[in-house]
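[1] sequence plus the predicted model coming up.
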Amino acid sequence: MSITNMPTSNDACLSIVHSLMCHRQGAESETFAKRAIESLVKKLKEKKDELDSLITAITTNGAHPSKCVTIQRTLDGRLQVAGRKGFPHVIYTRLWRWPDLHKNELKHVKYCQFAFDLKCDNVCVNPYHYDRVVSPGIDLSSLTLTSTATSLGLMVKDEYDFDGQPQLPPMDGGHSIQTIQHPPSSRVGPPSEPFSTAGLLPLADARTTSAFPSISVGSGTPDYWCSTAYFEMDVQVGETFKVPSTCPVVTVDGYVDPSGGDRFCLGQLSNVHRTEAIERARLHIGKGIQLECKGEGDVWVRCHSDHAVFVQSYYLDREAGRAPGDAVHKIYPSVFDLHQCHRQMQQQAATAQAAAAAQAASIAGNISGPGSVGGIAPAISLSAAAGIGVDDLRRLCILRMSFVKGWGPDYPRTSIKETPCWIEIHLHRALQLLDEVLHTMPIADPQPLD
């Protein structure tokens, strides 16, 4: 919006809110964003110069200098919006600049007189009075990763709120899974952070080298590159949808075309036990996702839905620097790398094999103490390594995606089986390679420790 067309503090609150909503980054739900902006505009209505500064800053993306935009500091320093509490400068900076911002990443600019950490009675919430920094104490895995694609689909929004109520995190703090937001495959307007224009595929060989054998080609290509099952809560609905290898691109959407082929239409599937909440969620699957098999078996995803897709993927765990199965990820263009999966299953199989041998030696009295597994996985305990089984390796070959609703500590649901509509994708080429790994390195049954 140009300066001449932007609203002023003399305009109605509704007009100002509408204009500012057009500049939000889209990570928060529309309901939350609207309430947060309405609350701020109403607080600033009596401070017209500050409201004008906010409008200028937001509508010009910080291109023009602006003054402090202040609200009164609360007793605990946090602001409550739509039932959620957070630091005010973080809330509005996430809203208009960096949707994946961590609260410890902000540093005020020198000319900001009412910055949050100055402990003044008023707090500046002008997003362009703060810079984003990464300090040594920040967990880098929680930050947005650099995108490797520039035009793959639509920016995904946060979890949709059907009832207009905020999504509150569960009270149980013991759950270890975390939600990590990955960058959208494209952005509307100029990006607030630089994005890589590198090639579309992340080449496994360029990232790491492995002492394990490379993927063999003798086993041939499977007839189907994946099979997809659709679930509502913990119940599979309909038959498993198989995608032939001659069809590398498949769409999973919420529509009703029964012809199959390259489309798995979830809208046509009936379930006599379907609840109203599930029905509401299904309405928002919309254009859904597009899965593409590239090369020998790498898998990429495009989100065409207006709402987020939440993914459980061992590849994304590694890209985010997390332990396998440790996180739930918002969409990221690439969700599966066949070479990485192959290396990981070889490493885990070798670890389990070595652990079984070490365990047997321990029982025989040849080594002292519980120890760990030699040079293969020194960070893994003997009992944990020996416990690696076929099911653990099979999980490397499976993707799980939930439409619209997320799970983990940021959401009321602790498991994907508590989400209203989700899919499980079995990748056949990866399973084929796993079969070869198990034949070359059979995993012995773990022996009990005394």
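    Ah, there it is.
[2] helices of the stretch 351-450 of the chain, start to end?
    382-386, 390-394, 428-440 (DSSP state H, counting those that start in this stretch).
[3] could you dump those helices to CSV with mean neighbour count?
    (Glycine included, C-beta is placed from N, CA and C.) Putting those into CSV (neighbours: other CB atoms under 10 Å) gives the following:
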stretch, mean neighbour count
helix 382-386, 20
helix 390-394, 15
helix 428-440, 18
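[4] looking at the ones you listed, which is closest to Asp253?
    Closest approach to Asp253 among those (CB to CB): helix 428-440, 22.0 Å.
[5] for the closest one, which outside residues touch it?
    Residues outside helix 428-440 that contact it (CB atoms under 8 Å, 6 or more residues apart in numbering): 215-216, 219, 221-222, 224-227, 296-297, 336, 338, 341-342, 345-346, 349, 390, 393-394, 396-397.
[6] show me just the buried residues among these.
    Buried residues within the contacts of helix 428-440, counting neighbours by 16 or more other CB atoms under 10 Å: 215, 222, 224-227, 297, 336, 338, 341-342, 345-346, 349, 393, 396-397.
[7] so of the residues you listed, which ones are in helices?
    Per DSSP state H, helices hold the following members of these: 338, 341-342, 345-346, 349, 393.
[8] and those residues, which is closest to Gln359?
    Ala349 (15.5 Å).
[9] so what's the closest one closest to, chain neighbours aside?
    Met441 (4.5 Å; CB to CB, 6 or more residues apart in numbering).
[10] you'd agree Lys43 is in a helix?
    Yes - under DSSP: H, G, I helix; E, B strand; the rest coil, Lys43 falls within a helix.
[11] just checking, it touches Ile71?
    Yes - look at Lys43 against Ile71 with CB atoms under 8 Å: they come within range, at 5.2 Å.
[12] more neighbours: these two, which one.
    Set Lys43 next to Ile71 and count neighbours by other CB atoms under 10 Å: Ile71 wins out with 20 against 16.
[13] was I right to think that one contacts Lys42?
    No - assessed by CB under 8 Å, Ile71 is found out of contact with Lys42, at 10.4 Å.
[14] going along the chain, name the strands of the stretch 51-200 of the chain.
    Along the stretch 51-200 of the chain, the segments classed as strands by DSSP state E, counting those that start in this stretch run 70-72, 79-81, 84-86, 106-108, 122-124, 130-132, 178-180.
[15] now the ones you listed in JSON lines, with mean pLDDT and distance to Arg429?
    Shown next, in JSON lines, are those (pLDDT from 0 to 100; distance: least, CB to CB, whole Å):
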{"stretch": "strand 70-72", "mean pLDDT": "92", "distance to Arg429": "55"}
{"stretch": "strand 79-81", "mean pLDDT": "85", "distance to Arg429": "47"}
{"stretch": "strand 84-86", "mean pLDDT": "84", "distance to Arg429": "43"}
{"stretch": "strand 106-108", "mean pLDDT": "88", "distance to Arg429": "44"}
{"stretch": "strand 122-124", "mean pLDDT": "92", "distance to Arg429": "54"}
{"stretch": "strand 130-132", "mean pLDDT": "86", "distance to Arg429": "40"}
{"stretch": "strand 178-180", "mean pLDDT": "69", "distance to Arg429": "26"}
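[16] out of these, flag the one nearest Leu427.
    Among the strands of the stretch 51-200 of the chain, the nearest to Leu427 by CB to CB is strand 178-180 (21.3 Å).
[17] where's Val311, which helix or strand?
    strand 309-312 (DSSP states H and E).
[18] distance of the closest residue to Gln348 other than its chain neighbours from Arg429?
    Of all residues not flanking Gln348 in the chain, Ile388 sits nearest, at 5.4 Å (CB to CB, 6+ apart). Applying CB to CB, to the nearest Å, the value for Ile388 to Arg429 is 22 Å.
[19] and if you look at Ala63?
    49 Å.
[20] one more: Gly389?
    Using CB to CB, Gly389 is found at 22 Å from Arg429.
[21] packing partners of the longest strand anywhere in the chain?
    The longest strand of the chain (DSSP state E) is strand 224-232. Packing partners of strand 224-232 (3 or more CB pairs under 8 Å, 6 or more residues apart in numbering; DSSP states H and E): strand 241-244, strand 249-253, strand 289-294, strand 422-427, helix 428-440.
[22] which among these is found nearest to His23?
    Across those, closest to His23 is strand 289-294 (CB to CB), at 27.1 Å.
[23] quick check: domain ranges of this protein?
    3-138, 145-188+199-450 (automatic domain parsing).
[24] just to revisit the earlier point, pull the residues that contact the longest strand of the chain.
    236-238, 240-245, 248, 250, 252, 264, 266, 269, 271, 273-274, 278, 291, 293, 297, 299, 417, 420-429.
[25] what mean pLDDT does the helix or strand that it is followed by get?
    Next helix or strand after strand 224-232 toward the C-terminus (DSSP H and E): strand 235-236. The pLDDT scores in strand 235-236 average 94.
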